[in-house]
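Chemist: the sequence and its predicted three-dimensional model are supplied below.
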Amino acid sequence: MAAKEDLAVAYRLMKSPNKKTARRGLKMIKQHKKKLKGIK
């Protein structure tokens, strides 16, 4: 499971002007949310 630091990094990547890194951040967040739903 993603640590809180990873999520913080993901949000920072999302704000990046570079589209490739921004997408990676978005993907990290989406994966994390999927894992949270799986746990419940």
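Modeler: That came through fine. Every value quoted in this text rests on a predicted model; they were computed, and no experiment measured them.

Chemist: and stretch 15-24, what's buried?
Modeler: Applying a neighbour-count criterion of 16 or more other CB atoms under 10 Å, the buried positions in stretch 15-24 are residue 24. To be clear about C-beta, it is placed using only N, CA and C from the backbone, and glycine gets the same treatment.

Chemist: buried residues in the longest helix belonging to the chain, which are they?
Modeler: Secondary structure of the chain per DSSP state H: the longest helix is helix 19-39. In terms of neighbour count (16+ other CB under 10 Å), helix 19-39 has its buried residues at 24-25, 28-29, 32.

Chemist: for residue 7, give me its contacts.
Modeler: With contact taken as CB atoms under 8 Å, 6 or more residues apart in numbering, residue 7 is in contact with 28-29, 32.

Chemist: where's it relative to residue 38, distance?
Modeler: Residue 7 is 16 Å from residue 38, where distance means CB to CB, to the nearest Å.

Chemist: quick one: least confident helix or strand in the chain?
Modeler: Lowest by mean pLDDT, DSSP states H and E among the helices and strands of the chain is helix 4-14, with a mean of 83.

Chemist: may I have that helix as PDB, with CA atoms only?
Modeler: Listed in PDB are the C-alpha atoms of helix 4-14, where the atom choice follows Å, rounded to 0.1, in the frame of the first residue of the first chain:
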ATOM      1  CA  LYS A   4       1.400   8.900   2.900                       C
ATOM      2  CA  GLU A   5       4.800  10.300   1.500                       C
ATOM      3  CA  ASP A   6       4.100   8.600  -1.800                       C
ATOM      4  CA  LEU A   7       0.700  10.200  -2.000                       C
ATOM      5  CA  ALA A   8       2.300  13.600  -1.300                       C
ATOM      6  CA  VAL A   9       4.800  13.000  -4.000                       C
ATOM      7  CA  ALA A  10       2.000  12.000  -6.400                       C
ATOM      8  CA  TYR A  11       0.100  15.200  -5.700                       C
ATOM      9  CA  ARG A  12       3.300  17.200  -6.300                       C
ATOM     10  CA  LEU A  13       3.900  15.300  -9.600                       C
ATOM     11  CA  MET A  14       0.300  16.100 -10.600                       C
END
